[in-house]
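Enquirer: All I have is the shape, not the residue letters:
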């Protein structure tokens, strides 16, 4: 319907009629709209003036919100996979030599054989103190409650907790040539041998967990773990190597390992080997718990799907020691776990008399150490490439 222009000048344009005209079209109006009335509203000037845009200086600013979306990987699967037990005592005894490996038969009228005994040795591992702290000013906290700022305290708490867990994971997965110092012992040092240290050019004592005062592997061959190395020269990963480690561990310990730990790169290379033979990883459901990673039972919440080989779950972590590709560890939960003297706890204070400043400070603390009571129940494959 065309806009009808009439000659009378006394026709008035109301807001109601103006909205109808622009929102619903000219047909919504009842009665004529005069050209003079439209001109009195200066509609030409309204539609042609410089518009207000988001780029207009001082008019608009993006509201970022308080949530911070992390772009970082804080995965800590090795820490989740290893079992945790309370710190019952600092030391323990190990049997290092069998009482006998032959004999036992005597003549019908023979005398009793000489008495025999095995050899024993005490070991000890002192707890390590693992701490991460953060702080923020009181002014920054107060302003974050009224301005467009991150939720400083909540963000710092979350970040410190994730960092605390990840650094424990990194400590557990350090290469055995890197001495732990005040951090936790690593799987790579626990699952090591003097032959590996010599062949791979590491320093004397690098393979000794808890220090040579507690354990000197070069003088105590019983403490060597099962290590398949290639003198620090990387060779292609093969199913033969993987199966060899299974056999070696079972022969040395009489037991089958409970889970496998490696990196994502090695898991993919491993999967490619299976596909070439029309074989595949078997999927399984597992649960991380205080007792370590375990197969899930029906009806259990919180489980996740992973691959398995020889019915053992394969756990991957980003911090596993890498040669050309990540090393492979096979571990028995019965003989290696994290001894916890004080579980992870969080502390926070804003008391200015304690801090001597107007700040808020928080910290996470864990007191623990990695323990192993049977070294030959575990093994690793190193010097690998795909």
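Expert: Arrived safely. Every value quoted in this text rests on a predicted model; they were computed, and no experiment measured them.

Enquirer: so the closest residue to residue 65 other than its chain neighbours, which of the three states?
Expert: Among residues not flanking residue 65 along the chain, residue 148 sits closest, at 7.5 Å (Cβ to Cβ, 6 or more residues apart in numbering). Any C-beta I mention is one placed from the backbone N, CA and C, and that applies to glycine too. Secondary structure for residue 148, judged by DSSP: H, G, I helix; E, B strand; the rest coil, is coil.

Enquirer: buried stuff in the strand or helix carrying residue 169?
Expert: Here residue 169, judged by DSSP states H and E, is contained in helix 152-172. Buried residues in helix 152-172, counted by 16 or more other Cβ atoms under 10 Å: 152-153, 155-157, 159-162, 164-172.

Enquirer: Leaving out sequence neighbours, find the closest residue to residue 230.
Expert: That would be residue 383: by Cβ to Cβ, 6+ apart, it lies 4.0 Å from residue 230.

Enquirer: hang on, that neighbour packs against residue 325?
Expert: No - assessed by Cβ atoms under 8 Å, residue 383 is found out of contact with residue 325, at 10.0 Å.

Enquirer: any idea which helix or strand comes after the lowest-mean-pLDDT helix or strand in the chain?
Expert: Least confident helix or strand of the chain, by mean pLDDT, DSSP states H and E, is helix 43-48 with a mean of 50. Using DSSP H and E, the helix or strand that follows helix 43-48 in sequence is helix 77-81.

Enquirer: For that following helix, name the packing helices and strands.
Expert: In terms of contacts (3 or more Cβ pairs under 8 Å, 6 or more residues apart in numbering; DSSP states H and E), helix 77-81 is packed against helix 152-172, strand 259-262, strand 312-316.

Enquirer: Direction included, what does the helix or strand following it pair against?
Expert: Next helix or strand after helix 77-81 toward the C-terminus (DSSP H and E): strand 84-86. Strand 84-86 has the following strand partners under DSSP bridges: strand 336-349 (parallel).

Enquirer: So which bits of the strand it pairs with are buried?
Expert: For strand 336-349, a neighbour-count test (16+ other Cβ under 10 Å) marks 336, 337, 338, 339, 340, 341 as buried.

Enquirer: List the neighbours of that strand that are in contact with it.
Expert: 79, 82-87, 125, 127, 157, 161, 164-165, 184, 187, 190, 292, 355, 360-373, 377-378 (Cβ atoms under 8 Å, 6 or more residues apart in numbering).

Enquirer: So among these, which ones count as buried?
Expert: Applying 16+ other Cβ under 10 Å to the contacts of strand 336-349, the neighbour count classes 79, 82-84, 87, 125, 127, 157, 161, 164-165, 184, 187, 190, 292, 360-372, 377-378 as buried.

Enquirer: With adjacent residues omitted, what lies nearest to the residue nearest in space to the middle of the chain?
Expert: Nearest to the geometric centre of the chain sits residue 76, at 1.5 Å (Cα atoms, centre = their mean). Spatial nearest neighbour of residue 76, excluding adjacent residues (Cβ to Cβ, 6+ apart): residue 169 at 3.7 Å.

Enquirer: No further questions, thank you.
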